[in-house]
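K.L.:
need a structure here:
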Amino acid sequence: MDIVVEHLTKRYGPQKAVDNISFRVKAGEVLGFLGPNGAGKTTTMKALSCFIMPEEGDVKIGGYSIREHPEKIKKHIGYLPENNPLYQDMNIIDFLEFIAKVHQIPKHLIQERLLDMVKVCGLEGEKHKLIRELSKGYQQRVGLAQALIHDPDILILDEPTTGLDPNQIVEIRELIRRIGKEKTVILSSHILAEVEATCDRIMIINNGRVIVDGTAEELRKQAQGNEILKLGVSGGEIKDIFDQLLEIETIDSIDLIDEEKQLFEIQSVPNESSVKAIFDTCVANNYYITELTPIETKLEDIFRELTLH
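P.N.:
Residues are numbered from 1 along each chain as shown. The predicted structure follows:
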């Protein structure tokens, strides 16, 4: 089921939380919605799930508009909000049965759906516990189970690993990856590793606007521009090596990053490679290349560059 967002705008007082956003999510895609706190991620997800109505623009899910057919859309969406509201004094089974009835799942199918959710979300050993007795990680699993119990086509997850310990984060990510093989998933986060580990595509939002959209690999390629190399050279004095490298026309800048190991960071001029020229210069001067590797632009650097302006 495709999601089409068209010119979405939502204000809180004078501030635009979401500012004329448009994008599309294909059926079966896992989209990472990435941005700093306050960027507009949660507001967009609330609009997608028909929780709030935007002032301008529209969202169409499976051809239905959130303005005209919110009740039909809600049947196709599973939503896990950031604060994961659960009834703390209910046990897991009773809570999930209550949610199943809210979704009007036929009575004769409820038991089967409960057993499926307990199995899929790894709740077998905890299913009779009160929700308040569960760890944060297991409460997130219950939140995922309530979002999935009516077998929606689309799953919207707002910061699903907030407050979890590292082991719980890995478990929830793995669970989301498994679910993502069968459903369209939109996952919001401000944690880069999380988005890269679970998503097919990344959309970065800042100040209510989409500023970049693509795969992690595409984002790196867009950001790289200049070739950056890590070069280790021996067989000569650092100053002499430095001077010889500076004569290479395709090299834009050289930094000495480790004097003892004679390691340099070299940036080439745009759209040029310096690898062959470096090799030829070292051969001509009887230098030994101990290391020559490209430095990949980190997703963290791209994120900071795009969102700190």
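
K.L.:
residue boundaries of the helices in the protein?
P.N.:
Remark: helices assigned in the chain by DSSP state H are 41-48, 70-74, 92-102, 107-120, 136-148, 166-180, 192-198, 216-224, 238-246, 275-284, 299-307.

K.L.:
So for stretch 52-60, what gets flagged as buried?
P.N.:
For stretch 52-60, burial by neighbour count (16 or more other C-beta atoms under 10 Å) applies to I52, P54, G57, V59, K60. Yep, even glycine has a C-beta here, placed from its N, CA and C like the rest.

K.L.:
Tell me which of those residues fall in strands.
P.N.:
Judged by DSSP state E, those include G57, V59, K60 as members of strands.

K.L.:
ok, now which ones touch the first one?
P.N.:
Spelled out, that is G57. V5, E6, H7, L8, T9, N20, I21, S22 (C-beta atoms under 8 Å, 6 or more residues apart in numbering).

K.L.:
for the second one, same thing?
P.N.:
Remark: with contacts taken as C-beta under 8 Å, 6+ apart, V59 is in contact with I3, V4, V5, E6, L8, A47, L48, S65, I66.

K.L.:
Once you drop chain neighbours, what's closest to the last one?
P.N.:
Spatial nearest neighbour of I66, chain neighbours left out: V59 (4.5 Å); criterion: C-beta to C-beta, 6 or more residues apart in numbering.

K.L.:
hmm, back to that, burial-wise, tell me which of the helices of the chain comes out on top.
P.N.:
helix 41-48 (a mean of 24; mean count of other C-beta atoms under 10 Å).

K.L.:
relative to strand 56-61, how tilted is it?
P.N.:
Relative orientation of helix 41-48 versus strand 56-61 (axes from the mean of the first three to the mean of the last three C-alpha atoms, to 10 degrees): 70 degrees.

K.L.:
pLDDT at R220, what is it?
P.N.:
For R220, the pLDDT comes out at 67.

K.L.:
er, Q267 I mean
P.N.:
So, for Q267, pLDDT stands at 85.

K.L.:
How many neighbouring residues does it have?
P.N.:
Q267 has 17 neighbours, counted by other C-beta atoms under 10 Å.

K.L.:
how near is D200 to I176?
P.N.:
According to C-beta to C-beta, to the nearest Å, D200 and I176 sit 12 Å apart.

K.L.:
residues shared between the contacts of these two?
P.N.:
V30.
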